[in-house]
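In: pasting the sequence and the predicted coordinates here, then a few questions.
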Amino acid sequence: MEIIGRGFMAKNLHEHGIDHPRTVILATGVATTTVTSPEDYGKDAAVLYDALRRCRRTGERLVYLSTASGAMYGAADCPTREDDVVFPPLAYGRHKLAMEAVVAHSGVEHLILRMTNLVGHNQRAHQLLPALVAQVRSGRVRVYEHAHRDLLDVEHAISMIDILLARGVTGVVNLGSGVAVPIDDIIRHIEDRLGRCVEREYCPQPPRTTSAVPVSLAKLTRLIPDVVTRFGLGPTYYQRVLDRYLAAPVLT
């Protein structure tokens, strides 16, 4: 198995050590949902095209890491099931959906994973948990009004990927906890664990976006029937994820 990429997800895939024959995981891409640069999206597309050409030539399976964030599912009238039409409100989501379409029509055996906010080792400063921790430590946090986030332990995400690949699953699958947690609850939990009390500055959500609707795990649950109990998913899952990574110096 080959892992393409050098970032957060790629490092964790290497450390976790899953291995599946004739499989390529594309664990690289545009860094954040706020990117608008056509050049950045063009470079990302070129990497995908090269990977698809290779897989068409070799017969390997491609795993494409997409997004289940508000950039994909954030339109007010947007369902969160994999088999429904979606209306991505942000350029990042529109790009991911376009790349999914390229993969789906490539003729290559593929698994497309729409993932929520991953938390774990090797995260970069701009990613959600390191950014929030840094702000809490500074005493002031700037967040979107009414924002919600679905947190998923990166090790659990990789275990889910391992199971799906072993079972030969193809198509599009959401990976997440299935719980949209208010960002204030996440900040409050970080405050409690760090012994801080911070000032909050609220800014408007981007136009036409929402993150309050839970991502559907119906398909994932059909594919992995014990996924909820196996990984302890549920309303308090996010607290255990935060506790695990706040208890050790893993934020880089």
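Out: Yep, it's here. All of these numbers come straight from a predicted model, not from anything done at the bench. Numbering: from 1, shown residues only.
In: distance check, residue 218 against residue 211.
Out: 19 Å (CB to CB, to the nearest Å). Using the backbone N, CA and C atoms, a C-beta is placed for each residue, glycine as well.
In: can you tell me how far residue 60 is from residue 164?
Out: Counting by CB to CB - residue 60 and residue 164 are separated by 16 Å.
In: show me which of these two is the more surrounded one.
Out: Between residue 60 and residue 164, counted using other CB atoms under 10 Å, residue 164 has the larger neighbour count: 20 against 17.
In: need the phi and psi values for that one.
Out: Torsion angles at residue 164 (phi, psi; degrees, to the nearest 10) stand at phi -60, psi -40.
In: cool, and the one 5 residues further on?
Out: When read as degrees, to the nearest 10, the backbone of residue 169 gives phi -70, psi 140.
In: pretty sure it is touching residue 223, no?
Out: Yes. When contacts are counted by CB atoms under 8 Å, residue 169 is listed as touching residue 223 (5.7 Å).
In: the stretch 51-200 of the chain: helices as residue ranges?
Out: For the stretch 51-200 of the chain, applying DSSP state H, counting those that start in this stretch gives helices covering 70-73, 91-104, 128-138, 154-166, 183-194.
In: residues in contact with the last one?
Out: Spelled out, it's helix 183-194. By CB atoms under 8 Å, 6 or more residues apart in numbering, the residues outside helix 183-194 that reach it are 132-133, 136-137, 141, 143-144, 147-149, 151, 196-198, 200, 238-239, 242-243, 246.
In: ok, now with 7 Å
Out: Helix 183-194 is contacted by residues 132-133, 136-137, 141, 143, 147-149, 197-198, 238-239, 242-243, 246 when judged by CB atoms under 7 Å, 6 or more residues apart in numbering.
In: quick one, which of the residues you listed are buried?
Out: 132-133, 136, 141, 143, 147-149, 198, 238-239, 242, 246 (16 or more other CB atoms under 10 Å).
In: circling back to that earlier point, what is the nearest of the contacts of helix 183-194 to residue 91?
Out: When those are compared for distance to residue 91 (CB to CB), residue 147 wins out at 18.6 Å.
In: so what's that closest one closest to, chain neighbours aside?
Out: Sequence neighbours aside, residue 183 is the residue nearest to residue 147 in space, at 4.2 Å (criterion: CB to CB, 6 or more residues apart in numbering).
In: now residue 85
Out: residue 79 (7.7 Å).
In: that neighbour: neighbour count?
Out: There are 14 residues near residue 79, going by other CB under 10 Å.
In: do the same with residue 2
Out: Residue 2 - counted by other CB under 10 Å - has 11 other residues nearby.
In: isn't it right next to residue 26, touching?
Out: No. Counting by CB atoms under 7 Å, residue 2 stays clear of residue 26, with 9.6 Å between them.
In: coming back round to it: more neighbours: which of residue 218 and residue 211?
Out: residue 211 (24 against 13).
In: check contacts around the more buried one.
Out: Going by CB under 7 Å, 6+ apart, residue 211 touches 70, 74, 147, 148, 149, 180.
In: so what's residue 181 scoring on pLDDT?
Out: As predicted, residue 181 sits at a pLDDT of 96.
In: ok, it to residue 188 distance?
Out: From residue 181 to residue 188 the distance is 11 Å (CB to CB).
In: repeat that for residue 53.
Out: Residue 53 is 48 Å from residue 188, by CB to CB.
In: cool, thanks, talk later.
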